[in-house]
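J.: using only what follows, build the 3D model:
(chains A, B, C and D)
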Number of protein chains: 2
Amino acid sequence: MASIEDVARATGVSTATVSRALRGLGSVAEPTRVRVQRAAQTLGYVPSAAAASLASGRTKAVGLVTPHVSRWFFSVAIETIEAVLRTHGYDVLLVILPPGDQVRPGPGAIVPPSRPTIETELLRKRVDATVVLTLPLVHRELQTLRGLGHAVVNVGDVVPGLPSFGIDDVEVGRLATRHLLDLGHTDVHLVGGSGDEPGGWGPTRDRYVGYREVMEAAGLRARPAISCDLTVAEGRRAARELLARPALPTGLVATSDELAIGLLHELRLAGVAVPGDVSVVGVDDHPHAELHDLTTIAQPVAEQAEAAARWLLRLLGTAGPVAGRLPADWDRHVERLPTALVVRGSTARARVRQQR
Amino acid sequence: MASIEDVARATGVSTATVSRALRGLGSVAEPTRVRVQRAAQTLGYVPSAAAASLASGRTKAVGLVTPHVSRWFFSVAIETIEAVLRTHGYDVLLVILPPGDQVRPGPGAIVPPSRPTIETELLRKRVDATVVLTLPLVHRELQTLRGLGHAVVNVGDVVPGLPSFGIDDVEVGRLATRHLLDLGHTDVHLVGGSGDEPGGWGPTRDRYVGYREVMEAAGLRARPAISCDLTVAEGRRAARELLARPALPTGLVATSDELAIGLLHELRLAGVAVPGDVSVVGVDDHPHAELHDLTTIAQPVAEQAEAAARWLLRLLGTAGPVAGRLPADWDRHVERLPTALVVRGSTARARVRQQR
DNA sequence: CTGTTAGCGCATTCAT
DNA sequence: ATGAATGCGCTAACAG
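T.: Sure thing, here's the model as predicted:
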């Protein structure tokens, strides 16, 4: 394993010059740089990340904390963020923190020796910054994240206290609901949690707020949300729950496409026509949405992720990993990317006088 | 930022003792250990990973190289591997290497300054071991991986030269094809690449081999594979290609469920009945397979991933990251996990005399 | 532009 | 069971 010293010896310069030359630090004569690079190449020299971190105080790594990998939003965000960060020389430390397994309080707390908590062994001192993907966060956990002492950015929703790149989830709820009302529907329910129930939070809660707002503005009754996780399986379960009731609503806002697909499937299995009897609108514009001819509210996932990663890189470029050197108000940055209604075949005009 | 020295001072012992106590090294008196731990907790001490790596020679991190995140197989494998490794104290460095962007030759090669190559900046010296998820690898690239100087394990297919945890893809091809032949089909095609075309490799190639073997053993004609990527969109494209031909086969082996779902959809759009006119069998047992009532060959993804991760941990436990200390024949380990036919509604008995 | 000198914070000898 | 000393490989001043 060649070290920087071997390269220095082979080139006849000091290790400092080797270090500078290999990092492209300007203050090296061109011929010297070329000789150093050639020698490094020949010797198969690879710098030790650990030694560089220790000496420089920066790890050139970013933590990526996500509750899921296999769900569309998260996998696309992960792919995008990794690509942007790696292109700019940063490693990505993947931390999967399932929803039940949230950020825990710091020192003093008794933690079972299973998974380490974010704040201690996980990210502190190991990374220069952290990207968080729509994690269910409560106040105390937020403090923990901010206490990491480095930049943290949130992707997907807007979390007060964290710089965020997300969408306007209230508007998402409004768009979906308004679309159904525009089609003449009056009995519209939302499926996917209101955020009031345990486990409900951020995006889901905001979408419900938008739903309720539009319903009430139209003089209609906002119904309690049908609470469930945003998966196909849960969508099917929710559909069965709806089918067990005396009457079906004519319009459904599902807070994700996967959920909507589950609804669609189970409703049709039960002989309910979509959109004949019930109109369904989802959220995401998942790649499968077109397949299922699903009307949905599209959100730009890759764009949110890319904007967050680039913003973080800019921050890391100016400031170091040291908290004190971060610009004031770095944590106040909020960007909301646009969403849009995509009309397909799962929604249709309500039948006139469809009373029962 | 408290350092080990602060803890030592606060406890009245040496840094060496702190180091031993905090890592549970046995050779520390119980009362001492307790005092040290308490002090560390109070001071909010977090060891520096960089310093520990530099001093010990091990990074306590594992590289995870994958061509995709958003495809089912890969996302499940990633979730599983991360969970197992983190539970055992290892960080996971995520490296996404899109198929076009494969491992490149080592020193001497001219590489555009876009993404770094695996072997140089990426993994060497940054991790103690590497997990590779079914990457398209050619011989020279394999050498590169083996040249990393640490343990490498492959998940998903069996790559000669790498310890592998996968399935028997030839058998997968056999199972799917035999199922169709058992139903009386004689005109059976495989969709999803034979591995002969550019971009075709491992799993896909082997599944075709199994297909061909069963066809020929039955005295039937094995057709050239219809080559395409394993996605819904590509499945739809492949279906259109098939529909443009003078006659449709009565049986289709799709080398992935997503592919099969695309086929199903596009065929039905064109008025072809599945399984009435054409039977389709997929591979994976994707969560959506049941939704589409898809007959498929199930493969245990989480089990493959978990077995590989545990095996790697065992290797890391005995040997260090240093190649010389790896046990002989560590790279000969191969495990194949069982696959199984899951019969659903996308396959049916061939119509008798269904000539045209 | 380049060399010299100090550490970065820990794990690990080798003592005791 | 514990302490003192050493060095992992590099970067960052500071000189020159």
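J.: hang on, residue A:35 packs against residue A:8?
T.: No. Using C-beta atoms under 8 Å, residue A:35 is not in contact with residue A:8; the gap is 11.1 Å. From N, CA and C alone the C-beta is placed, and that goes for glycine too.
J.: and the stretch 151-300 of chain A, which residues reach chain B?
T.: A:232-233, A:261-262, A:265, A:287-288, A:291 (C-beta under 8 Å from any C-beta of the partner chain).
J.: which of these are buried?
T.: A:232, A:261-262, A:265, A:288, A:291 (16 or more other C-beta atoms under 10 Å in any protein chain shown).
J.: among these, which two are most distant?
T.: Using C-beta to C-beta, those span at most 13.8 Å, a distance reached by A:262 and A:291.
J.: now the helices: where do they sit in the stretch 101-250 of chain A?
T.: Taking DSSP state H, counting those that start in this stretch, the helices of the stretch 101-250 of chain A run over residues A:139-146, A:169-182, A:202-217, A:232-243.
J.: quick one, which of those helices is nearest to DNA strand C?
T.: Across the helices of the stretch 101-250 of chain A, DNA strand C has its closest neighbour in helix A:139-146 (19.7 Å, C-beta to the nearest atom of the strand).
J.: what about that closest one, average pLDDT?
T.: The average pLDDT for helix A:139-146 rounds to 73.
J.: rewinding a little: among the residues of the stretch 151-300 of chain A next to chain B, which are in strands?
T.: The members of these all map outside strands under DSSP state E.
J.: reformat those residues as JSON lines; add pLDDT and distance to DNA strand D.
T.: Shown next, in JSON lines, are those (pLDDT from 0 to 100; distance: C-beta to the nearest atom of the strand, whole Å):
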{"residue": "A:232", "pLDDT": "94", "distance to DNA strand D": "48"}
{"residue": "A:233", "pLDDT": "94", "distance to DNA strand D": "49"}
{"residue": "A:261", "pLDDT": "97", "distance to DNA strand D": "50"}
{"residue": "A:262", "pLDDT": "96", "distance to DNA strand D": "51"}
{"residue": "A:265", "pLDDT": "95", "distance to DNA strand D": "55"}
{"residue": "A:287", "pLDDT": "93", "distance to DNA strand D": "42"}
{"residue": "A:288", "pLDDT": "93", "distance to DNA strand D": "46"}
{"residue": "A:291", "pLDDT": "91", "distance to DNA strand D": "49"}
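J.: helix/strand/coil for residue A:296?
T.: Per DSSP: H, G, I helix; E, B strand; the rest coil, the secondary structure class of residue A:296 is strand.
J.: what's around it, how many residues?
T.: 30 (other C-beta atoms under 10 Å in any protein chain shown).
J.: same thing with residue A:167?
T.: 25.
J.: and if you look at residue A:175?
T.: Residue A:175: 22 surrounding residues under other C-beta under 10 Å.
J.: what of residue A:247?
T.: Quick note: residue A:247 (other C-beta under 10 Å) scores 8 neighbours.
J.: ok, now residue A:69?
T.: 22.
J.: which element is it on?
T.: Per DSSP states H and E, residue A:69 falls between elements, in no helix or strand.
J.: how about the strands of chain A, start to end?
T.: Using DSSP E, strands in chain A cover A:61-66, A:91-96, A:129-133, A:151-156, A:164-167, A:188-191, A:251-254, A:279-284, A:295-298, A:334-337, A:340-342.
J.: wondering if the second one reaches chain B at all.
T.: Yes. On the criterion C-beta under 8 Å from any C-beta, strand A:91-96 is in touch with chain B at A:91-96.
J.: a markdown table for the residues you listed, including neighbour count, distance to DNA strand D and pLDDT?
T.: Output for the residues of strand A:91-96 next to chain B, formatted as a markdown table (neighbours: other C-beta atoms under 10 Å in any protein chain shown; distance: C-beta to the nearest atom of the strand, whole Å; pLDDT from 0 to 100):
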| residue | neighbour count | distance to DNA strand D | pLDDT |
| --- | --- | --- | --- |
| A:91 | 26 | 14 | 95 |
| A:92 | 25 | 20 | 96 |
| A:93 | 21 | 19 | 96 |
| A:94 | 24 | 24 | 96 |
| A:95 | 24 | 26 | 93 |
| A:96 | 22 | 30 | 93 |
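J.: tell me what the closest residue to residue A:131 other than its chain neighbours is bridged to.
T.: Among residues not flanking residue A:131 along the chain, residue A:64 sits closest, at 5.1 Å (C-beta to C-beta, 6 or more residues apart in numbering or on different chains). Beta bridges link residue A:64 to residue A:94, residue A:131, judged by DSSP bridges.
J.: for stretch A:260-270, buried residues please.
T.: So for stretch A:260-270, counting by 16+ other C-beta under 10 Å, buried means A:260-267.
J.: those in helices, which ones?
T.: Under the assignment DSSP state H, the buried residues of stretch A:260-270 contribute A:260-267 to helices.
J.: any idea how far the closest residue to residue A:95 other than its chain neighbours is from residue A:124?
T.: Leaving out its chain neighbours, the residue that sits closest to residue A:95 by C-beta to C-beta, 6+ apart is residue A:65, at 4.6 Å. Distance, residue A:65 to residue A:124, by C-beta to C-beta, to the nearest Å: 13 Å.
J.: same question, residue A:133
T.: Taking C-beta to C-beta as the measure, residue A:133 falls 19 Å from residue A:124.
J.: if we can go back for a sec, isn't the residue nearest to residue A:131 up against residue A:96?
T.: No. Residue A:64 is beyond contact range of residue A:96, at 9.3 Å (criterion: C-beta under 8 Å).
J.: could I get the buried ones among the residues of the stretch 151-300 of chain A next to chain B as CSV with distance to residue B:149?
T.: Output for those, formatted as CSV (distance: C-beta to C-beta, whole Å):
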residue, distance to residue B:149
A:232, 44
A:261, 47
A:262, 48
A:265, 50
A:288, 43
A:291, 46
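J.: residue A:20: which of those is nearest?
T.: Closest approach to residue A:20 among these (C-beta to C-beta): residue A:288, at 51.4 Å.
J.: could I get the contacting residues of that closest one?
T.: Shown in contact with residue A:288 (C-beta atoms under 8 Å, 6 or more residues apart in numbering or on different chains): A:257, A:261, B:232, B:288.
J.: looking at the first one now. What's its pLDDT?
T.: Looking at residue A:257, its pLDDT is 98.
J.: so what's the residue count around it?
T.: Residue A:257 has 28 neighbours, counted by other C-beta under 10 Å.
J.: distance of it from residue B:52?
T.: Distance of residue A:257 to residue B:52, given as C-beta to C-beta: 44 Å.
J.: give the burial count for residue A:83, as a bare number.
T.: Residues near residue A:83, counting by other C-beta under 10 Å: 18.
J.: hang on, it packs against residue B:96?
T.: Yes. Assessed by C-beta under 8 Å, residue A:83 is found in contact with residue B:96 at 6.7 Å.
J.: now the closest residue to residue A:124 other than its chain neighbours: how far from residue A:125?
T.: Nearest non-adjacent residue to residue A:124, counting by C-beta to C-beta, 6+ apart: residue B:46, 4.7 Å away. Per C-beta to C-beta, residue B:46 is found 5 Å from residue A:125.
J.: now do residue A:32
T.: Remark: distance between residue A:32 and residue A:125 (C-beta to C-beta) = 34 Å.
J.: neighbour count: the two, which is higher?
T.: Taking other C-beta under 10 Å, residue A:32 and residue A:125 do not tie; residue A:125 has more neighbours (21 against 16).
J.: how about the more buried one, what does it touch?
T.: Going by C-beta under 8 Å, 6+ apart, the list of residues near residue A:125 reads A:59, B:1, B:46-50.
J.: do that again at 6 Å, thanks
T.: Contact partners of residue A:125, counting by C-beta atoms under 6 Å, 6 or more residues apart in numbering or on different chains, are B:46, B:48.
J.: so where is the stretch 1-150 of chain A shaky, pLDDT-wise?
T.: By pLDDT under 70, the low-scoring segments of the stretch 1-150 of chain A are A:100-122, A:138-140.
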